[in-house]
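K.L.:
Compute the structure for the input listed below.
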Amino acid sequence: MPTLQLLTSELDETLNITQATAGEDDSMADSETQQQVVDTLKSDAMNSSDTLPAAEVASIATPINLILLSLFLVLVYMRLRPSKNTTTLPTPPQPTVFKVFTPPQLEPFDGNNNMPVYLAVRGHIFDVSSGRNFYGPGGPYANFAGRDASRGLACGSFDAEMLTEDLKGPLDKLEDLGGEEMEALRGWEERFQEKYLVVGKLVPVGHEEAEEDEAKV
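P.N.:
Okay, the predicted model is just below:
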C-alpha cells in the first residue's frame, strides 16, 4: 500500500545516512543494533497496515448504515411472517334431510325452545325460520307455526279456528273451498316455494310413509 512503501523508504534512507556518518571504527555490535531497530520499525509498519481493513469495516458500520440495515431486516420479517388475520371460512349449514311428518310431529317446530319454524301448505312442509319475525313466537302469523296453514292462507284468515283441532285425525282436504280461495292458496304456495326450503311432507297419523320413516329412525 502507498503508506507502507513510503514508511519503508524513509527507514531505508535513515539507515543509509546512519551508515554513512558512522566511522569505520564502529563495532559490529552497533551495526547489528541499528539493523534490529530498523527491522522493528518495519515490523511495526507492517502491523499497522494490517489494521487498515478493520478501519475500513469500521467506516462501513456507521450509525446510519446500521439503521438502514435494521429497517431492511424488519421489512423482510414483515414480508415473510405468517399473517395473523387468516380468513376463517364459515361453517357450512347442516344438510337438510327431507322427512315425512305427521301433524303431532310437526307441532313442536313452532320456533319455541330454539326450534326452527315449519309450517305446511297443501302437504308441503316449509322451513320459514328466516321469516321468524312473521311466523315465529309473537309474530302476526304465529298460529301457523308447526301447523297446516292451508285453510287459513286460502281464506285470508289467521285465526286459530282455521287450524285442524284433532292432530291425530285426517288431514284437512279443503274440499269445501271455492275457486277463488283455491287460487289464493296456490298463489301462497308459489310464494313459499320461491322463498323457503321444502323440508318434508305432511301425512296423517298411521300413514304407511310415516311408519316407514319411523322404522328408519
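K.L.:
do you know how far A149 is from R122?
P.N.:
10 Å (CB to CB, to the nearest Å). No exception for glycine: its C-beta is placed from N, CA and C like everyone else's.
K.L.:
When the two are compared, which one has more neighbours?
P.N.:
For the pair A149 and R122, the greater number of neighbours falls to A149 (25 against 17), based on other CB atoms under 10 Å.
K.L.:
distance between the ends of stretch 95-102?
P.N.:
21 Å (CA to CA, to the nearest Å).
K.L.:
and it, which residues are buried?
P.N.:
V100, F101, T102 (16 or more other CB atoms under 10 Å).
K.L.:
What pairs with the longest strand anywhere in the chain, parallel or antiparallel?
P.N.:
In the chain, taking DSSP state E as the definition, the longest strand is strand 197-202. For strand 197-202, sheet partners with direction are given as strand 99-101 (parallel), strand 124-127 (antiparallel), following DSSP bridges.
K.L.:
Generate TSV for these, with mean pLDDT and distance to D172 as supplementary columns.
P.N.:
Listed next are the strands paired with strand 197-202 as TSV, based on pLDDT from 0 to 100; distance: least, CB to CB, whole Å:
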stretch	mean pLDDT	distance to D172
strand 99-101	95	15
strand 124-127	98	14
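K.L.:
would you turn these into CSV with distance to A145?
P.N.:
As requested, the strands paired with strand 197-202 are arranged in CSV below (distance: least, CB to CB, whole Å):
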stretch, distance to A145
strand 99-101, 13
strand 124-127, 11
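K.L.:
Mind checking these for the one nearest to F72?
P.N.:
strand 124-127 (58.2 Å; CB to CB).
K.L.:
and whichever helix or strand comes after that closest one, C-alpha only, in PDB?
P.N.:
Using DSSP states H and E, the helix or strand that follows strand 124-127 in sequence is helix 132-135. Output of helix 132-135 as PDB, limited to C-alpha atoms (Å, rounded to 0.1, in the frame of the first residue of the first chain):
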ATOM      1  CA  ARG A 132     -89.300 -15.900  12.200                       C
ATOM      2  CA  ASN A 133     -90.500 -12.300  12.800                       C
ATOM      3  CA  PHE A 134     -93.700 -13.200  11.000                       C
ATOM      4  CA  TYR A 135     -94.200 -16.900  11.700                       C
END
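K.L.:
average pLDDT across helix 132-135?
P.N.:
Helix 132-135 shows a mean pLDDT of 94.
K.L.:
same deal with stretch 193-203?
P.N.:
Averaged across stretch 193-203, the pLDDT comes to 96.
K.L.:
Next, the residues that contact it from outside, please.
P.N.:
Applying CB atoms under 8 Å, 6 or more residues apart in numbering, the external contacts of stretch 193-203 come out as 96-103, 106, 118, 120, 123-128, 130-131, 148, 171, 209-210.
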